[in-house]
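**Student:** Okay, sequence plus prediction incoming.
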Amino acid sequence: MNQYFKYDKRLKIFLPHLNVNWNQYNLETQNKIVEKWEQIRGGIPDRIHDLEEQINQKQAELNQEDDFNKSCQLNEDIANLASIINDLWIWFRTTQSITKTHT
C-alpha cells in the first residue's frame, strides 16, 4: 500500500499519491486504497487536536511576551499551525466525498 501513499512532512500524515487515474485501478486495489486512507483519515482529528493544543500554548506565551521579535515569531508559529489545521480539514472532508463516489 505504501506505493499509493506519500508521507507529507508538513502535515505529518500519509496522503494518497496515485500514479494513474483512479478508474485505472482494479476494484480490489481501489478498495485497499480506500481502506488504508480511511485508517489514516481517522487519525486526522487527533492530529488537529494536538495542533490546537500547541496553538493554545503559543497564545498563552504570546499573552505574556513583552519582546516584539519574540511576539512576531509566536504569531508566525500560530499562523503556520493554523494553516496546517486548515489543510488537514480539507483532506479530511474532500476525500470523504471522493471515496463515496468511487467505492
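**Tutor:** Noted; the coordinates are in hand.

**Student:** only C-alpha atoms for contact and neighbour calcs from this point on.
**Tutor:** Will do.

**Student:** low-scoring stretches of this structure, by residue?
**Tutor:** Applying pLDDT under 70 to the chain picks out residues 1, 95-103.

**Student:** So which residues of it form strands?
**Tutor:** 5-8, 13-16 (DSSP state E).

**Student:** Now do the contacts for the residue nearest the centre of the chain.
**Tutor:** Centroid check for the chain by Cα atoms, centre = their mean gives Leu88 as the closest residue, at 3.1 Å. Contact partners of Leu88, counting by Cα atoms under 8 Å, 6 or more residues apart in numbering, are Leu11, Ile44, Ile48.

**Student:** Kindly report the same for Trp89.
**Tutor:** Ile44.

**Student:** Ok, Glu52 next?
**Tutor:** Leu81, Ala82, Ile85.

**Student:** where do the helices sit along this structure?
**Tutor:** Taking DSSP state H as the test, the helices found in the chain are 27-42, 44-64, 68-102.

**Student:** could those helices go into JSON lines alongside distance to Tyr7?
**Tutor:** What follows is the helices of the chain, written out as JSON lines (distance: least, Cα to Cα, whole Å):
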{"stretch": "helix 27-42", "distance to Tyr7": "11"}
{"stretch": "helix 44-64", "distance to Tyr7": "14"}
{"stretch": "helix 68-102", "distance to Tyr7": "13"}
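
**Student:** With respect to Val20, which of those lies nearest?
**Tutor:** Comparison of those against Val20 by Cα to Cα identifies helix 27-42 as nearest, at 11.8 Å.

**Student:** would you turn the contacts of Glu52 into CSV with distance to Gln64 and neighbour count?
**Tutor:** Putting these into CSV (distance: Cα to Cα, whole Å; neighbours: other Cα atoms under 10 Å) gives the following:
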residue, distance to Gln64, neighbour count
Leu81, 20, 19
Ala82, 20, 17
Ile85, 24, 21
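
**Student:** Kindly indicate which of those lies nearest Leu27.
**Tutor:** Ile85 (32.0 Å).

**Student:** Excluding residues flanking it in the chain, which one is nearest that closest one?
**Tutor:** Ile48 (5.7 Å; Cα to Cα, 6 or more residues apart in numbering).

**Student:** What of Leu11?
**Tutor:** Ile84 (6.1 Å).
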